[in-house]
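Student: could you work out the structure for the sequence below:
(chains A and B)
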Number of protein chains: 2
Amino acid sequence: MSGRSKRMSASKRVFYFSNAHSEGNRGMRELLGSKGANLAEMASIGLPVPPGFTITTTTCADFYANNEQLPVGLHDEILRYIRRLERETGKRFGSEQNPLLLSVRSGAAVSMPGMMDTILNLGLSDLAVVGLASVSGNRRFALDAYRRLINMFGNVVMGVAHKHFEAEFNRIKRRFKVSLDSELDADGLEELIQAYQQVYRKNTGEDFPQDPFDQLEKAIIAVFRSWNIPRAVAYRRIHEIFGLQGTAVNVQTMVFGNMGDDSGTGVAFTRDPTIGVNEFYGEFLINAQGEDVVSGIRTPQPVVNMKNWKPEIYAQLLKAKQTLERHYQEMQDIEFTIERDKLYILQTRTGKRTGTAAVKIAVDMVRERLINRKTALLRVPPNDLNQLLLPSFAHHTKREVLATGLPASPGAASGYPVFTADEAVERAEAGVKVILVRKETSPEDIQGMNVAQGILTSTGGTTSHAAVVARGWGKCCVTGAGKLHIDERRKTITIQGRRITGKDMISIDGTSGEVMLGDIPKQPPSFSSEFLTLMEWADKARKLVIRTNADTPADAQVARDFGARGIGLCRTEHMFFGENRILAMREMILSENEDSRRKALKKLLPYQRRDFEGIFKAMQGLPVTIRLIDPPLHEFLPQDTHSQEVIARGMGFTTAHVKRRVEQLHEVNPMLGHRGCRLTVTFPEILEMQVTAIVEAAINCRRKGIRALPEIMIPLVGVDLELVLLREQVVATIEQVRQKKKYRGKLDIPIGTMIEVPRAALTADRIARHADFFSFGTNDLTQMTFGYSRDDIGTFLPEYMAKGIIEKNPFTTLDNAGVGQLVVMAVQKGKGHKPHLKCGICGEHGGDPESIQFFAAAGLDYVSCSPFRVPVARLAAAQAALRNSQSK
Amino acid sequence: MSGRSKRMSASKRVFYFSNAHSEGNRGMRELLGSKGANLAEMASIGLPVPPGFTITTTTCADFYANNEQLPVGLHDEILRYIRRLERETGKRFGSEQNPLLLSVRSGAAVSMPGMMDTILNLGLSDLAVVGLASVSGNRRFALDAYRRLINMFGNVVMGVAHKHFEAEFNRIKRRFKVSLDSELDADGLEELIQAYQQVYRKNTGEDFPQDPFDQLEKAIIAVFRSWNIPRAVAYRRIHEIFGLQGTAVNVQTMVFGNMGDDSGTGVAFTRDPTIGVNEFYGEFLINAQGEDVVSGIRTPQPVVNMKNWKPEIYAQLLKAKQTLERHYQEMQDIEFTIERDKLYILQTRTGKRTGTAAVKIAVDMVRERLINRKTALLRVPPNDLNQLLLPSFAHHTKREVLATGLPASPGAASGYPVFTADEAVERAEAGVKVILVRKETSPEDIQGMNVAQGILTSTGGTTSHAAVVARGWGKCCVTGAGKLHIDERRKTITIQGRRITGKDMISIDGTSGEVMLGDIPKQPPSFSSEFLTLMEWADKARKLVIRTNADTPADAQVARDFGARGIGLCRTEHMFFGENRILAMREMILSENEDSRRKALKKLLPYQRRDFEGIFKAMQGLPVTIRLIDPPLHEFLPQDTHSQEVIARGMGFTTAHVKRRVEQLHEVNPMLGHRGCRLTVTFPEILEMQVTAIVEAAINCRRKGIRALPEIMIPLVGVDLELVLLREQVVATIEQVRQKKKYRGKLDIPIGTMIEVPRAALTADRIARHADFFSFGTNDLTQMTFGYSRDDIGTFLPEYMAKGIIEKNPFTTLDNAGVGQLVVMAVQKGKGHKPHLKCGICGEHGGDPESIQFFAAAGLDYVSCSPFRVPVARLAAAQAALRNSQSK
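Tutor: Residues are numbered from 1 along each chain as shown, chains lettered A, B, ... in the order given. Below you'll find the predicted structure:
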């Protein structure tokens, strides 16, 4: 036993709580567990909490240090506290007149699933049940409480399988010819108790303990043991919860809401948890137990109805609500019981709420001077803002869920299934709402995706092509709905024998991943004044600049409206998929020499220039970071023979030529192949065309008085000399265009690089010499650092997460230990070499609050995320700044 | 101008060298350049070097600091040295009696292509040429020397295009009706000189300088300027040559071997450079210039014939040979000239030699007490040992080269082309020597590759599947011979319209990459006593342990014979490709539940166990690191419909089932997909089977008295919890087998991990907690750190290397700056946490000398390489140890 635990074992092990006197408070979570600390706190601020006591977590540690024996002296200490409870309640533990009944619960400093939950009615015995019957005047009530204890104690403390008890219950219900548990009368229950005691004896080798202290001791030991069951140990290991002493044990007087019509029970929120208005919100049942409210057998009444039933108790409850909110400075979710006209608060905890409510409550509480702005900002989970920005299915509408996929891009969408991009365009142009349904999508589907209400795929994860594109547009998307058999040729979805065709409307919920039949009603988003106020506060608090990933003027405008301060990633390849563009692009790829490539590129130039002009206009006065071509060329060519024939005919090539070129471009691992700056190193004429388009667009805009501020970004750099070479070419092209356009003004176009290959991060000091900015491409960086292809992780990542090997999908939340280490290293090496090097991030993680916290601490200057994530990022950045200044 | 260069400009700028007096020595490379230092050295040890002087590299720096002007005072200093040369030679610069002629050459401290090379005959003018004619008694000789000067000076110093001179020469040859340059007589040459002077005037705007000092000054400036031409600057940048002052200028008296029959010229090696015996080896020509020996117009005589022609000069030459070898302690490659019975040594440098010669010379020189063992070990390039271990094509055989691919695995092989693995097996069994010719190979081709003499592919690099497997076997292989059009269906190779079929024998040279028609004669390898001696010395010097990568008992035996001290990588997946095994393997993969998988695995168990028994026996007493299954499962399934049908029939599946499974297993980026430990996490039964086979084999061996020392290695770990989970399973399985086999002895099987995912290196401290050893898989680590798929780099890596972006193929030589940084980080984090953690490397780099040097410095304990690289690695490890102890 260590010195510390020896000292602890000599000190106080039990802490009392009641309105009369509480020995603990909410600052003592480590010692009393969070539940124990909270009970003590509530009691000490005068809330009517049933009295009880908490055995400390250090006692649990001593239990283990002491070879799983309760420490000497604990028994006496508990005895003293039981006597004190008896004095305060006027009841006696084990009494056959007015027995004291207890609940026993575990409770560590951190909430932890897997540990022992609850034993109720402890203290009942063959004798005490008689006392309970007499004092309650209700024999059936007393017997029912007793059989519950034997069942719960046998199961939870002694490990007797629940089915053994259940079998007896069923047998006796049959004998008494009743079907519901509640229909069994007192005689039946008496017989059941005897049967339960036999089950207990048969499975444990001993009698059900009649000594209430024996019951209590066994229960305490069971709670302590549950601390070290494999599931709890695994949970702590996976969540890296270290340094806790053990679990506390909470022993509390039972109160009953089912003692008659002067009793009742209920649950309530101190404010409306769906829309946030400051109104009491909840339900109650007369003459009922807590579980009856939940079970749905009886229909509870709204809590405001208590005004009519028991006005004075309702007034007490309203007062408790105010006390709790003032004390906890937070909206509370409370459980209460009325036992014979006396109100008890059994539990209070922070109330869960929708995003809408979270924003309103936080802002309202600042106005009510309950909390300050900083607290308000830290209290709203940034991801909850999504709910405010997107339509959603109306609450309480009936849903027929066909399958559940991955929630790839939030929102709600309904439409008729279409199975090809062409069909999508065709039907959408005819005014039909469609959902594009594909096994998976590819860049060829872009136009179909664009016109669809939503996108549904049977394969792919939350970072698949469909998901990324959809999120970028704020379009609803469900991916990886593997149970759907999608037959793209026959245009059907089959799910468990059921066939859905283009005539059956479906709805998809991008927030839950549900796929439903029919057209489910939706509710539109609304920007409340509270939302706008919170965003204003966030902008004052944050240090990170928020930019957006946008490839079109429309996206840029949306993002700007959401508060983006520039574009951090403008992908140029999506621009090649328009009607005429893709033809020119394919011509370029199919060319066999530089001359023909240049001819084809010349056709693309005006399109690109026009795109850039539009984007510069939408973002005028703000920087626009344009990434040069990134994907491998084969993504622009069709893979099926028919389309290849069409192309060949259209361009005057032989089909064999097209086929050969497609074959040549095939790559075993395209992710690690000929793409990014590797393309512009080998085909400098593509870079030249793109830079020409950018600079011409910028000059044209400026001549019209539009402040265009382009930045040119080279993707996939891994070797400093790539950047040296390409930078030279970019600079030369800028100069050429300037001379051709006879432009005399300053252009000042920063030239930077993406850091998305591990080697770039490792050699960031060398690369920084030639870069005006770094932008972390954390998607690719994650793929290469882990060696995970995000297109292929579906086969193992779910199992990895289920087994706790990986806690969070690293494509959603940045892996701090590995990928984050590279980010920090690159920032330090880069800024170490060039202090004013601008560093940002433009991967998917730019819109993830937890990752934003990391990026802020790592010293980045900006994050760039999809337009619909901009408000989330603004709030997350504010929280990061507030937290980082706290920790300093 | 910096303080330093000011000081320098005040100091000595010119250093004299002659047998009478040399001011420099070979320690002064920085100041005199390597050529200048060497000339001074030779002169001072009494070798008959034509006298001259060197202008220092700091003068070059001053030239640039001084706005490209020669420093004040240099002219006078040069004048003094010219006078000294005149005194020593009895000639006069520019004289019309006996003119002093000079050569001018550049020479930096590091040899550098691109800089100005040589000007000969400087000092000739319209006057001096008369003097030369009279003193040589040969007017034609003098005029020829003069026209050469004008041409060379005009071209090299003044930048006049060579074609202008050539046009005049052709015109005059036509006029004089001769075809060879040497046929033009003195009158023709006189006319030519006038024409040349006109060309000079027309292109430079001035007359060809008649003042020899003017010539000399212009030549010196041209040398200095050549230091900063773009090609030289780029070369220094790419090779990271920094901190040099500039180039020196070497000015040396001309001597002529074409002054008559008492003159001559030759080149010779001080020992035989092909087999290394200590015999003078070279050729000479009477009355000839250096270029005549090289040009091949006249046939030179063996140098020993000089004994008959000029015995006293031959004796002088032999003495010079001895002096040089004693002085340089190295075999020399010398150029000499005899001018009118006087011998001059014009150049000496280290002689290039074959691997065989390198070994013999190094060991002989130790025996002759010329050098010590350390020098001998450092002097043999480890890669040269390959030549000693493999057959090669006999020298001087005629080769008809069809195409040149990449030298993927050294050696020489001839055979009839076969185009499928089956055909290879069939014809090889019929006793025919075959070369397997494929676009690329896959694991399905293994048996065909095994029986072939050599392997030839049209795609893939030096680390493609074909290359890696071939090197592992020491089998000759040429990959990426892209000019060959291989039609596997029609069984033909087409190259520039020529068709080669299975009836035409071909030969491939794995050392040069050449593909040739016909059966070229080969010579076998031989282990000389010198080779064995050198290996013995290497083993005493090295600190790194050398292991091998071997998957079969035969490979293990070969490697052991080559000196391997254990197996560092035993891949288990090749073992699944045997006749019956692949069926069971496929059955396992096609199974849809664990039970059927287990049934199939049970069939594989005895095969694996037998394999391991064989390997343990071959390696008894030495550790054998076995890597659990690594490749994605789809590699074991056939991709074509026909084979899928065959399998379906054979196993009682429907073809649709097989097709569906193949489709399911398809991955976009297999390199980053479901492989390595990701397989055993999701299919623990595979791990169980493999570990069972390993442990049963070990116990069986030990019971027969064979010391089996297996080590179990988990591939592709990126997250510490993968290793935690799998280690638990391995430990549990070992224990199970031990109990089943009732084995009481110690097993002590270390369990380690590969570090081949960047994240593993970044989090090596966490991973080390659960690993007994680390083995770096630098192939995959390179792929992921660079983001290069080694199957796909063919499209850009050659261009990257041509453009100097990447200097060396990172799959051949470890990239120290990036991948190496991860290796060092992982070793430090791993050993920091666990000082006795064994660290090794088992990627292709384990056999590369330069990489081995890095691994030794990084603190690794062992390297593992393919069997045929073991001697190379032993020597490289010795060199690394010697160098690292030097640098400490």
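Student: pLDDT score for the closest residue to A:D791 other than its chain neighbours?
Tutor: Spatial nearest neighbour of A:D791, excluding adjacent residues (Cβ to Cβ, 6 or more residues apart in numbering or on different chains): B:V668 at 3.9 Å. Quick note: C-beta positions are derived from backbone N, CA and C, even for glycine. You'll see B:V668 listed with a pLDDT of 90.
Student: up against chain B, what does the stretch 701-850 of chain A have?
Tutor: Neighbours of chain B within the stretch 701-850 of chain A, by Cβ under 8 Å from any Cβ of the partner chain: A:716, A:718-719, A:721-722, A:725, A:756-759, A:762-763, A:766, A:780, A:783-789, A:791-793, A:795-796, A:799-800, A:803-806, A:815, A:817-819, A:821-822.
Student: just the ones of those in helices?
Tutor: A:721-722, A:725, A:758-759, A:762, A:766, A:780, A:783-786, A:799-800, A:821-822 (DSSP state H).
Student: for those, name the two members farthest from one another.
Tutor: Spatial extent of these (Cβ to Cβ) is set by the pair A:L725 and A:E799 at 43.5 Å.
Student: these two: which is more packed in?
Tutor: Under the neighbour definition other Cβ atoms under 10 Å in any protein chain shown, A:L725 and A:E799 were set side by side, and A:L725 has more, 21 against 14.
Student: show me the shaky parts of chain A.
Tutor: A:1-10, A:113-114, A:238-239, A:293-298, A:461-463, A:471-474, A:524, A:526, A:887-888 (pLDDT under 70).
Student: just want the most central residue of it.
Tutor: Nearest to the mean C-alpha position of chain A, counting by Cα atoms, centre = their mean, stands A:N383 at 7.4 Å.
Student: which one is A:A600 nearest to, not counting chain neighbours?
Tutor: A:M588 (3.6 Å).
Student: now the helix or strand hosting that neighbour - C-alpha only, CSV.
Tutor: Using DSSP states H and E, A:M588 sits within helix A:579-590. This file holds the C-alpha atoms of helix A:579-590, laid out as CSV (Å, rounded to 0.1, in the frame of the first residue of the first chain):
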residue,chain,number,x,y,z
GLU,A,579,-20.2,20.6,-71.1
ASN,A,580,-17.5,22.0,-73.5
ARG,A,581,-14.8,22.1,-71.0
ILE,A,582,-14.6,18.4,-70.4
LEU,A,583,-14.2,17.9,-74.2
ALA,A,584,-11.3,20.3,-74.3
MET,A,585,-9.8,18.7,-71.2
ARG,A,586,-10.1,15.2,-72.8
GLU,A,587,-8.5,16.5,-76.0
MET,A,588,-5.6,17.8,-73.9
ILE,A,589,-5.2,14.5,-72.1
LEU,A,590,-5.4,12.5,-75.3
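Student: that older thread, residues touching the residue nearest to A:A600, list them.
Tutor: A:R597, A:A600, A:L601, A:L604, A:I686 (Cβ atoms under 8 Å, 6 or more residues apart in numbering or on different chains).
Student: what do you get for A:L385?
Tutor: Residues in contact with A:L385 (Cβ under 8 Å, 6+ apart) are A:G355, A:V359, A:F531, A:P871, A:V872, A:L875.
Student: excluding chain neighbours, what is closest to the third one?
Tutor: In space, not counting the residues next to it along the chain, A:F531 is nearest to A:V359; the distance is 5.3 Å by Cβ to Cβ, 6+ apart.
Student: the one you found contacts A:F527, correct?
Tutor: No: A:V359 is beyond contact range of A:F527, at 10.1 Å (criterion: Cβ atoms under 8 Å).
Student: got the buried residues for stretch A:415-434?
Tutor: A:415-421, A:423-425, A:427-428, A:433-434 (16 or more other Cβ atoms under 10 Å in any protein chain shown).
Student: format the residues you listed as JSON lines; extra columns: distance to B:I506 and secondary structure.
Tutor: As requested, those are exported to JSON lines (distance: Cβ to Cβ, whole Å; DSSP: H, G, I helix; E, B strand; the rest coil):
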{"residue": "A:G415", "distance to B:I506": "62", "secondary structure": "strand"}
{"residue": "A:Y416", "distance to B:I506": "62", "secondary structure": "strand"}
{"residue": "A:P417", "distance to B:I506": "57", "secondary structure": "strand"}
{"residue": "A:V418", "distance to B:I506": "55", "secondary structure": "strand"}
{"residue": "A:F419", "distance to B:I506": "51", "secondary structure": "coil"}
{"residue": "A:T420", "distance to B:I506": "49", "secondary structure": "coil"}
{"residue": "A:A421", "distance to B:I506": "49", "secondary structure": "helix"}
{"residue": "A:E423", "distance to B:I506": "53", "secondary structure": "helix"}
{"residue": "A:A424", "distance to B:I506": "54", "secondary structure": "helix"}
{"residue": "A:V425", "distance to B:I506": "54", "secondary structure": "helix"}
{"residue": "A:R427", "distance to B:I506": "59", "secondary structure": "helix"}
{"residue": "A:A428", "distance to B:I506": "59", "secondary structure": "helix"}
{"residue": "A:K433", "distance to B:I506": "64", "secondary structure": "coil"}
{"residue": "A:V434", "distance to B:I506": "59", "secondary structure": "strand"}
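Student: I'd like to know which of these is nearest to chain B.
Tutor: A:F419 (18.3 Å; Cβ to the nearest Cβ).
Student: ok, back up a step: between the buried residues of stretch A:415-434, which sits nearest B:D185?
Tutor: Looking across the buried residues of stretch A:415-434 and measuring by Cβ to Cβ, the closest to B:D185 is A:A421, at 82.4 Å.
Student: now the closest one. Nearest residue, chain neighbours left out?
Tutor: A:G448 (2.7 Å).
Student: what strand or helix carries that neighbour?
Tutor: Going by DSSP H and E, A:G448 is in helix A:446-451.
Student: count the residues that sit near A:A538.
Tutor: 27.
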